[in-house]
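Trainee: A structural model of the following input is requested.
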Amino acid sequence: MDYEAVIGLEVHAQLKTASKIFCGCSTTYGAEPNTHACPICLGFPGILPVLNKNAVEYALMMALATHCHISPESRFARKNYFYPDLPKGYQISQYESPIAERGWIEVQTDHGKKRIGLRRIHIEEDAGKSIHNDAEGLSYIDFNRCGVPLIEVVSEPDIVSTEEAVSYLKRLRSILRYLGISDGNMEEGSFRCDANLSLRQKGVKGRRTELKNMNSFRHVQKALEYEIERQQDILESGGEVIQETRLWNENEGKTYPLRSKEESHDYRYFPEPDLLPLVVDQERLDAIRANLPELPDEKMKRFIDQYGLPRYDSEVLTSSRELADYFELCARETGDAKMASNWIMGELLRELKGDDGQIEDCPVSPSALSELLKMIKDGTISGKIAKDVFKEMYREGSPAKTIVRDKGLIQISDKAEIAAVVEQVLRENPDQVDRYKKGKGQLFGFFVGQVMRKTHGKANPRLVNEILNSALTVFKG
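Mentor: Coordinates of the predicted model:
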């Protein structure tokens, strides 16, 4: 049968405020368990929350960056449920009146650009963290994360493939990081995704399942692929998909039932009695809008216009704010944007990918790479040698000039010295010279290779081509 996937994503992003959303406790990640907790975030009797102004401004920045309608007045609500790591027995969130609705982001698909609708963005507090020790048969609770400010970004069910889902998540995280309001670290839990998926015959309403416990883009894609296959098997065997919440087990590559899927009435929402309605005045909104940084789509267009880069290069280089900044520093220092782009997208990203690293972890600074590229431009070393030098720079952290000097890699640019090597190569290969003169033009590359071999790759390639071309014209054997 002809099935189609209907996917909606709910993303929780921790906001990079210094303190929690309703108290003054630190939000710093990695502290000793239960050292960033107080009576307010632990829900002691008589506590009163006080809203963090920065958390509201960060939520408004995200709403503006994603073309949302911003509510002049929104309200907080209590979402009631029991988890061991939710000490109040409820979570302060937004329900009927979120801070922003009806936005969109644009992603690249195999069929071109596509807009994915955003149903809502709302502000809420995070819960704590349960840590299970199977060997001891015990569970521990760390309340440091309780009360850390979140925004939840809920998409419309506009996503139809696992590839679109990953593209959407990467674009969403990129916007958050460009804005500087979240680090988007999935491994540390500051960017978490739940997926709602239903597989259905075209035109027939399906039944959705919710997927949790996916802490990387790869896991999101694998979990969705598994769930699509699982639901298809059920439907093709005449069964019915059960509406439920399922956990992704990355070790087994499977999803497992966790509980029946809750509906909104299960949470018994009611207005938060200790917080006033959140009113956003136009003056504040205009000030936030005026101070928004350059976002990925704007930066990509500027890279094309300002630096003359192809669209593909610009898309790759603006995929993260840190990578875009790295490129711009190199482009300015070398005066050659395309050369900087080629090296970053080629040698640098290849090394980072091999180490599973990010650009901010790169041991070669923009200035260090620029120094290497200038040495290619001024003829000090060849591009081939530069690739070997770069690998050593990346692994050892040494400057390019030091590596080139210590290893004697300076390029030979003396015309007489190169001409002597060319003459030697031609005399050693009379048969190839004869065939070249009879029309085997492809042998030119053979001669270039021989010259480079004899000079250990140090001969200036431009001069080799120039001198070799002249020598072959007059060579008599």
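
Trainee: can you count the residues close to Ile385?
Mentor: Neighbourhood size, Ile385 [other Cβ atoms under 10 Å]: 21. To be clear about C-beta, it is placed using only N, CA and C from the backbone, and glycine gets the same treatment.

Trainee: quick one: contacts for Ile242?
Mentor: Neighbouring residues of Ile242 by Cβ atoms under 8 Å, 6 or more residues apart in numbering: 207, 209, 257, 260.

Trainee: hmm, I was thinking of His69
Mentor: His69 is in contact with 100-103, counting by Cβ under 8 Å, 6+ apart.

Trainee: what about this protein, any weak spots by pLDDT?
Mentor: Within the chain, the ranges that satisfy pLDDT under 70 run 1, 261-262, 476-477.

Trainee: domain map for it?
Mentor: Following automatic domain parsing, one finds the domains of the chain at 3-284, 294-406, 415-474.

Trainee: and the strands in the stretch 1-150 of the chain?
Mentor: Residue ranges of the strands in the stretch 1-150 of the chain, as given by DSSP state E, counting those that start in this stretch, are 3-14, 69-70, 73-74, 77-80, 90-93, 100-109, 112-125, 129-133, 138-142, 149-155.

Trainee: same for the last one, what does it pack against?
Mentor: So the one you mean is strand 149-155. Here strand 149-155 touches strand 3-14, helix 53-65, strand 112-125, going by 3 or more Cβ pairs under 8 Å, 6 or more residues apart in numbering; DSSP states H and E.

Trainee: can you give me the buried ones in the shortest one?
Mentor: It stands for strand 3-14. Of all the residues in strand 3-14, those buried under the rule 16 or more other Cβ atoms under 10 Å are 5-14.

Trainee: can you put the residues you listed in CSV and add distance to Pro72?
Mentor: Shown next, in CSV, are the buried residues of strand 3-14 (distance: Cβ to Cβ, whole Å):
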residue, distance to Pro72
Ala5, 37
Val6, 33
Ile7, 32
Gly8, 27
Leu9, 27
Glu10, 25
Val11, 25
His12, 25
Ala13, 23
Gln14, 26
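
Trainee: now, which of the residues you listed sits nearest Lys374?
Mentor: Ala13 (40.1 Å; Cβ to Cβ).

Trainee: spatially nearest residue to that closest one (excluding sequence neighbours)?
Mentor: Leaving aside its sequence neighbours, Ala13 sits nearest to Ser182 (Cβ to Cβ, 6 or more residues apart in numbering; 4.5 Å).

Trainee: you'd agree the one you found is up against Gln14?
Mentor: Yes. Between Ser182 and Gln14 there is a contact under Cβ atoms under 8 Å: 5.9 Å.

Trainee: what's the overlap in contacts for the two?
Mentor: Taking Cβ under 8 Å, 6+ apart as the contact rule, Ser182 and Gln14 both touch 190-191.

Trainee: residues contacting Ser97?
Mentor: Each residue near Ser97 by Cβ under 8 Å, 6+ apart is listed here: 71, 73-75, 277.

Trainee: buried ones from those, can you make that a ChimeraX selection?
Mentor: The ChimeraX selection below is limited to those of the contacts of Ser97 classed as buried (16+ other Cβ under 10 Å):
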select :71,74,75
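
Trainee: Glu347: how many residues sit nearby?
Mentor: Count around Glu347 with other Cβ under 10 Å applied: 19.

Trainee: I'd guess it is in a strand, am I close?
Mentor: No. Looking at Glu347 with DSSP: H, G, I helix; E, B strand; the rest coil, it is helix, so not inside a strand.

Trainee: outside of the helix or strand where Glu328 lies, which residues touch it?
Mentor: Per DSSP states H and E: Glu328 is located in helix 321-334. Defining contact as Cβ under 8 Å, 6+ apart, one finds that helix 321-334 is touched by 174, 177-178, 180, 299, 303, 307, 316-318, 337, 340-341, 343-344, 358-360, 362, 366-367, 369-370, 373-374, 377.

Trainee: report the buried members of those.
Mentor: 174, 177-178, 299, 303, 307, 316-318, 337, 340-341, 343-344, 359, 362, 366, 369-370, 373-374.

Trainee: before we move on, the earlier item: could you export the contacts of Ile242 as CSV, including secondary structure and neighbour count?
Mentor: Below are the contacts of Ile242 laid out as CSV (DSSP: H, G, I helix; E, B strand; the rest coil; neighbours: other Cβ atoms under 10 Å):
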residue, secondary structure, neighbour count
Arg207, coil, 16
Thr209, strand, 22
Pro257, strand, 11
Ser260, strand, 11
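
Trainee: show me which of those is closest to Leu48.
Mentor: Closest approach between these and Leu48, by Cβ to Cβ: Ser260, at 35.2 Å.

Trainee: the closest residue to that closest one other than its chain neighbours and Met61, how far apart?
Mentor: Sequence neighbours aside, Glu244 is the residue nearest to Ser260 in space, at 5.3 Å (criterion: Cβ to Cβ, 6+ apart). As for Glu244, its distance to Met61 is 35 Å (criterion: Cβ to Cβ, to the nearest Å).

Trainee: who has more neighbours, the two?
Mentor: A side-by-side neighbour count of Glu244 and Met61, using other Cβ under 10 Å, places Met61 first with 22 against 16.

Trainee: tally of neighbours for the residue lying closest to Asn54 once chain neighbours are set aside?
Mentor: Leaving aside its sequence neighbours, Asn54 sits nearest to Thr17 (Cβ to Cβ, 6+ apart; 4.7 Å). Neighbour count for Thr17, taken as other Cβ under 10 Å: 20.
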